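Enquirer: Just a sequence and a predicted model for now, questions to come.
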Amino acid sequence: MKVLVHLILLTFPLIGKAQPPDANIWGILSDVQIEKEYDDMIGMEIIRPTFSPLITAMEGKEVVVKGYIIPLEGKKKQGHFMFSAFPYNMCFFCGKAGPESAMQVFTKKGKAVTYTEDAVHVKGILRLRRNDITGLIYALENAELVN
């Protein structure tokens, strides 16, 4: 219990303002319980996330996330893309990681990001997607590249 309280107190300053680019946001976002269930209406298995209190407190707040761009429209500049804690060959979309290691990114209007294979920092507003049947449980809105 003492360790949990210490972790929360260390992370609490991250809530409500952008944190330094080296903060371990993916580590925090991994504290989610994932349950799979069959949905009769769509005829397939879906996931249901249960977010930790710390993650829930981060919803709607600005965060900086370091990760890898997973392009949706070829390897060019884009305003909507997938973002992963891991490089493409190890990411959730390739079956090598869980849904907590990826998010959708929607950039600010006119702030499209150029594809790169290198890790980048992206800043935006964190949204929790509790009922998204695509399997993506996180989104970053109004995002932009951070140098």
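Expert: Looks like it came in fine.
Enquirer: Next, Ser101: phi, psi?
Expert: With angles defined as degrees, to the nearest 10, Ser101 sits at phi -100, psi 10.
Enquirer: was I right about it contacting Val32?
Expert: No. With contacts counted by CB atoms under 8 Å, Ser101 stays clear of Val32, the gap being 10.4 Å. Quick note: C-beta positions are derived from backbone N, CA and C, even for glycine.
Enquirer: dump the residue contacts of the residue most central in space within the chain.
Expert: Of all residues in the chain, the one closest to the mean position by CA atoms, centre = their mean is Met103, 3.7 Å from it. Met103 makes contact with Val65, Met82, Phe83, Leu136, Ile137, Tyr138, Ala139, Leu140, according to CB atoms under 8 Å, 6 or more residues apart in numbering.
Enquirer: Okay, and the beta partners of it?
Expert: Legend: beta-bridge partners of Met103 under DSSP bridges are Phe83.
Enquirer: can you pull out the helices in this structure?
Expert: Secondary structure of the chain by DSSP state H: the helices cover 2-11, 25-29, 53-58.
Enquirer: then the last one to CSV, C-alphas only?
Expert: Think helix 53-58. Extracted in CSV, the C-alpha atoms of helix 53-58 (Å, rounded to 0.1, in the frame of the first residue of the first chain):
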residue,chain,number,x,y,z
PRO,A,53,-8.2,5.6,-10.9
LEU,A,54,-4.9,7.3,-12.0
ILE,A,55,-5.7,6.8,-15.7
THR,A,56,-9.3,8.0,-15.2
ALA,A,57,-7.9,11.2,-13.5
MET,A,58,-5.8,11.8,-16.6
